[in-house]
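Chemist: Provided below are the primary sequence and the corresponding predicted coordinates.
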Amino acid sequence: MFDIIILNASVIDGTGKEPYSADIGITGDRIREVGDLTGAEAGEIIDAKGMTVAPGFIDLHTHSDLSFLYDRRTSNRIYNGVTTDVCGNCGVGVAPVSDKYSDDLLGYLKTRIIGNIPCEIELKWRTYKEYLNAVNEVHTAVNVAPILAQGVIHIYEKGLSQSETTEEELEVMKKQVREAMECGAVGMSSGLIYLPGAYTSSHEFTELCKAMKEYGGVYFTHKRDEGDRLYEAIDEAAGVALSAGVPLHISHLKVTGKKNFGTVKKVFSYIRELQASGLKITYDTYPYSWGMTSLLALLPPWVSEGGIDRLVERLKSPQMREKVIYDIENGVPGWSDLIKNIQDFSRIVIASSKVEANLWMEGKNLQEIAAQTGKDVYTLILDLIVEEKARTLIIAGMMDEDDVAEILSDPDTMIGSDSMTCGEDGLLAAGKPHPRTFGTQARVLAEYCRERKLFPLETAVKKMTSMPAKLLGLKDRGEIKPGYYADLCMFDLAEVQDMATYQDPIRYSKGMEYVFVNGQVALRNGKQTEVYAGRVITREKSGK
């Protein structure tokens with residue numbers, strides 16, 4: 001007697017093996033049998049004739065750290081067949097929190113993607129364990145795999161200070177890393193283009209990675225540069241991982257800047273050389289040529305030293321504004337200048353605004369907004385950052401579509417949406433977010449697998465299931481096998497379609513018929529149920 005039997009499935013098991021016909025029997029939260037279950041009894045029998053059944057997708061790169069707590073339905077994930085969300089990327093996270101620098105952390109978080117939450121943000125925890133408990137207590141619709149964010153560790157001890165880290169401060173940080181890893185974090189992330197990563201030395205990253213080595217954690221990095229100094233940035237990340245003796249994972253691998261377009265083969269060749277030298281390197285990407293970030297990311301890092309309030313005061317000074325513009329136009333050593341990289345203000349679009357008088361700007365580019373307001377673009381940018389206390393978010397055309405396709409085609413590339421969880425009509429559905437928020441996994445299946453035929457379906461599934469599960473050390477997930485957790489999705493490839501566009505981004509993907517999370521039906525006949533079977537998947541619970 002099974003709880004659920006899925007009959008007549010075309011099974012793609014997540015390993016890359018070609019599809020095969022089988023029935024799947026589920027008991028409790030596990031897959032009990034895969035094979036011929038003709039005549040077996042179950043509490044529910046689902047006929048999957050004409051459908052593909054695959055492991056539930058793992059969204060490897062997200063910023064859902066707080067969004068889980070404000071909307072536990074995580075509907076954009078469910079409609080994409082995602083059953084596990086991996087948060088804490090790019091060095092941006094929400095725990096641990098020190099009393100001394102809690103205001104600095106909260107102020108900074110409001111400038112990032114989680115600042116999209118249109119209500120007062122609260123950090124009701126202090127330790128990493130308390131944060132994970134808070135996520136578990138809300139009972140999310142999908143599983144949560146947490147990465148420790150280096151930026152939070154740095155702010156915990158130093159706030160947003162540019163001062164050189166002392167050995168005493170470093171010892172406090174290392175202690176916090178070990179505590180988070182004891183709680184089950186799957187690794188540590190860094191965001192060297194953001195704060196406080198831009199202030200952080202390679203030595204500090206190395207020492208913190210050494211603190212997680214004994215736990216088997218992975219070093220996930222948003223490198224210091226993704227354009228003109230891409231290879232220097234890869235070298236820095238590789239040096240940290242080699243010195244610490246940990247695996248390296250490159251987040252949202254891309255090549256930015258027009259003069260760098262078309263160099264993806266060279267990038268992969270360089271990565272292969274590093275792999276051949278003994279360094280374990282993996283990487284993910286998202287299936288779009290535009291990215292999303294904060295308007296603040298257009299400014300040199302020194303402007304934000306000391307926190308957001310000091311930033312705002314600086315930008316009220318005409319002299320400081322002149323220095324900011326000078327640095328943007330002339331560059332700052334070690335800083336990835338996004339404006340120089342993009343080279344076109346019409347390719348920078350306001351995604352969300354926090355001041356009611358500015359809401360009309362959402363979905364419009366900086367060039368047209370400047371023309372409508374009668375301001376030059378630099379004045380517009382600096383005025384917006386002051387008015388909105390740096391909470392404005394943007395999407396920007398950074399990449400070449402052919403490069404994106406080539407990166408996706410690489411057999412070792414995994415998939416992450418670089419977004420937060422939300423719903424079409426929930427609290428978090430605000431502004432004009434990047435369409436990757438609602439469309440990533442369906443776009444991989446529809447655009448790049450079905451339409452462009454860059455890879456077969458079994459390869460697309462592997463990129464989103466067993467590969468990330470293996471990287472994260474998630475025991476018994478990412479494949480369809482007896483004894484594995486029953487995280488599954490069922491779909492007809494001919495019907496799968498991402499619906500989110502840049503102009504109309506808040507739209508669920510279509511084509512998923514069923515989604516199972518830990519053996520429970522989270523999506524039935526294409527409609528989400530009121531089932532919240534997700535869990536925090538920690539290293540301890542995954543058996544690592």
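Modeler: Received the coordinates, thanks.

Chemist: shaky segments in the protein?
Modeler: Low-confidence regions of the chain, defined here as pLDDT under 70, cover residues 113-117, 427, 540-544.

Chemist: ok, longest strand in it?
Modeler: strand 2-11 (DSSP state E).

Chemist: Pull up the pairing partners for the next helix or strand after it, direction included.
Modeler: Once strand 2-11 ends, the next helix or strand along the chain (criterion: DSSP states H and E) is strand 20-27. Looking at strand 20-27 with DSSP bridges, its paired strands and their directions are strand 2-11 (antiparallel), strand 30-35 (antiparallel).

Chemist: in the first one, what counts as buried?
Modeler: Going back to what we said before, that points to strand 2-11. Along strand 2-11, these residues count as buried under the neighbour rule (16 or more other Cβ atoms under 10 Å): Phe2, Asp3, Ile4, Ile5, Ile6, Leu7, Ala9, Ser10, Val11. Just so you know, the C-beta spots here come from the backbone N, C-alpha and C atoms, and that holds for glycine as well.

Chemist: do the same with the last one
Modeler: Within strand 30-35, the residues scored as buried using 16+ other Cβ under 10 Å are Arg30, Ile31, Arg32, Glu33, Val34.

Chemist: Next: stretch 257-268.
Modeler: Across stretch 257-268, burial judged by 16+ other Cβ under 10 Å covers Gly257, Asn260, Thr263, Val264, Val267, Phe268.

Chemist: And stretch 24-43, by the same measure?
Modeler: When neighbours are counted by 16+ other Cβ under 10 Å, the buried residues of stretch 24-43 are found to be Ile24, Gly25, Ile26, Thr27, Asp29, Arg30, Ile31, Arg32, Glu33, Val34, Leu37, Ala42.

Chemist: could those go into CSV alongside distance to Leu311?
Modeler: Supplementary listing: the buried residues of stretch 24-43 in CSV, determined by distance: Cβ to Cβ, whole Å:
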residue, distance to Leu311
Ile24, 54
Gly25, 57
Ile26, 52
Thr27, 55
Asp29, 47
Arg30, 50
Ile31, 51
Arg32, 56
Glu33, 59
Val34, 56
Leu37, 61
Ala42, 59
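
Chemist: biggest separation within those residues, which pair?
Modeler: Of all pairs drawn from these, the one with the longest distance (Cβ to Cβ) is Asp29 and Leu37, at 18.4 Å.

Chemist: how close does the closest residue to Ser102 other than its chain neighbours sit to Arg178?
Modeler: With Cβ to Cβ, 6 or more residues apart in numbering as the measure, Leu123 is the residue that lies nearest to Ser102, at 6.5 Å, once sequence neighbours are left out. Distance of Leu123 to Arg178, given as Cβ to Cβ, to the nearest Å: 21 Å.

Chemist: do the same with Glu157
Modeler: As for Glu157, its distance to Arg178 is 14 Å (criterion: Cβ to Cβ).

Chemist: Ok, Ser243 next?
Modeler: Separation of Ser243 from Arg178 (Cβ to Cβ) stands at 18 Å.

Chemist: cool, Ala396 as well?
Modeler: When distance is defined by Cβ to Cβ, Ala396 is 37 Å away from Arg178.

Chemist: the more surrounded of those two?
Modeler: Neighbour count, other Cβ atoms under 10 Å: between Ala396 and Arg178, Ala396 has more, with 26 against 15.

Chemist: ok now stretch 84-98, how far from the chain's centre?
Modeler: In terms of Cα atoms, centre = their mean, to the nearest Å, the gap separating the centre of stretch 84-98 from the centre of its chain is 10 Å.

Chemist: was I right about Leu160 contacting Tyr108?
Modeler: Yes. Taking Cβ atoms under 8 Å as the definition, Leu160 is a contact partner of Tyr108 at 6.5 Å.

Chemist: okay, and the common contacts of these two?
Modeler: Here Leu160 and Tyr108 share the contacting residues Leu195, Ser304, Gly307, scored by Cβ atoms under 8 Å, 6 or more residues apart in numbering.

Chemist: between those, which is nearest Tyr508?
Modeler: Nearest to Tyr508 among those, with distances taken as Cβ to Cβ, is Leu195, at 33.3 Å.

Chemist: Which helix or strand contains that closest one?
Modeler: With secondary structure defined by DSSP H and E, Leu195 is part of neither a helix nor a strand.

Chemist: what's the burial count for it?
Modeler: Applying other Cβ under 10 Å, we find 29 other residues in the vicinity of Leu195.

Chemist: Pipe the strands paired with strand 20-27 into TSV and attach distance to Lys453 per row.
Modeler: Below are the strands paired with strand 20-27 laid out as TSV (distance: least, Cβ to Cβ, whole Å):
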stretch	distance to Lys453
strand 2-11	18
strand 30-35	28
